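Visitor: I would like to see how this sequence folds:
(2 chains)
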There are 2 protein chains.
Amino acid sequence: MIHRILILAAHGSRAEQANQEVVSLAARLALRLESAFQGVRPAFLEIAAPSIPQALDAAVSDGATDIVVLPYFLAGGRHVTSDIPRLVAAKRREHAGVQIRLAPYLGTAPELEAVLAGLAGAA
Amino acid sequence: MIHRILILAAHGSRAEQANQEVVSLAARLALRLESAFQGVRPAFLEIAAPSIPQALDAAVSDGATDIVVLPYFLAGGRHVTSDIPRLVAAKRREHAGVQIRLAPYLGTAPELEAVLAGLAGAA
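Guide: Okay, here's the model as predicted:
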């Protein structure tokens, strides 16, 4: 039974390969997090589908009562500080019985430093 | 003496706070990587300064002979597959005695899965 869903919210690209990377990442995260979430689904702010509102509606319609939206963004620009919170707030009002939470965006993770250090060494 | 420089190449945002995040991250990386690089410098593909070519020129002018460009991008879209490699290739031709290497972009790091899992739990 679906209860908790994680939505990996990416920007969306005109390069289909870039969108497919997000879809693949969501699939790998679903395996890693299967004890905490009954699904990890990709969603896109622009260009690609499903949109973030579409993904939220689909999760609710599949029975989710606790949804976490995780912005797959590096920069705390307008998309992260304004656009995504606004979309989430609208869906919270629409689906009053469902908890919809917004996770910190990827760029805030202190572990990124170590990841970048590894990539610099791989050059 | 400056020999190796790491350039953290981000997209650039109209939100100055987002660009400042990249500047701060480069400063933290400089400390972490000081045994490998004599400097970690931010650069931006669009909107903000310095641009990637400007940062490459400055590093060469400061004496760097081995420069690593690390794309701080999640998606393998046009910016990563075409724009940044083209800028790097042009500067390689211009600075023939300098090694300019392109690191894998951040989105390719397998550790991102664990970072995202942590953020999902923090929601």
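Visitor: and the pLDDT for the closest residue to A:Arg78 other than its chain neighbours?
Guide: Leaving aside its sequence neighbours, A:Arg78 sits nearest to B:Ala15 (Cβ to Cβ, 6 or more residues apart in numbering or on different chains; 5.8 Å). Backbone N, C-alpha and C define where each C-beta goes, glycine included. Model confidence at B:Ala15, given as pLDDT, is 88.
Visitor: next, count neighbours for B:Ala15.
Guide: B:Ala15 has 19 neighbours, counted by other Cβ atoms under 10 Å in any protein chain shown.
Visitor: what's the answer for A:Gly76, then?
Guide: 19.
Visitor: what sits closest to it if chain neighbours are left out?
Guide: Spatially, and ignoring its direct neighbours in sequence, A:Gly76 is nearest to B:Ala18 (5.2 Å; Cβ to Cβ, 6+ apart).
Visitor: quick one: residues contacting that neighbour.
Guide: A:75-77 (Cβ atoms under 8 Å, 6 or more residues apart in numbering or on different chains).
Visitor: for those, which one is nearest B:Ile52?
Guide: Among the contacts of B:Ala18, A:Ala75 lies closest to B:Ile52 (Cβ to Cβ), at 16.2 Å.
Visitor: which stretch of helix or strand covers the closest residue to that closest one other than its chain neighbours?
Guide: In this structure, A:Ala75 finds its nearest non-sequential neighbour in B:Ala18, 3.7 Å apart by Cβ to Cβ, 6+ apart. Secondary-structure element containing B:Ala18, defined by DSSP states H and E: helix B:16-32.
Visitor: may I see the buried residues of that helix?
Guide: Neighbour counts over helix B:16-32 (16 or more other Cβ atoms under 10 Å in any protein chain shown) mark B:18-19, B:21-22, B:25-26, B:29-30 as buried.
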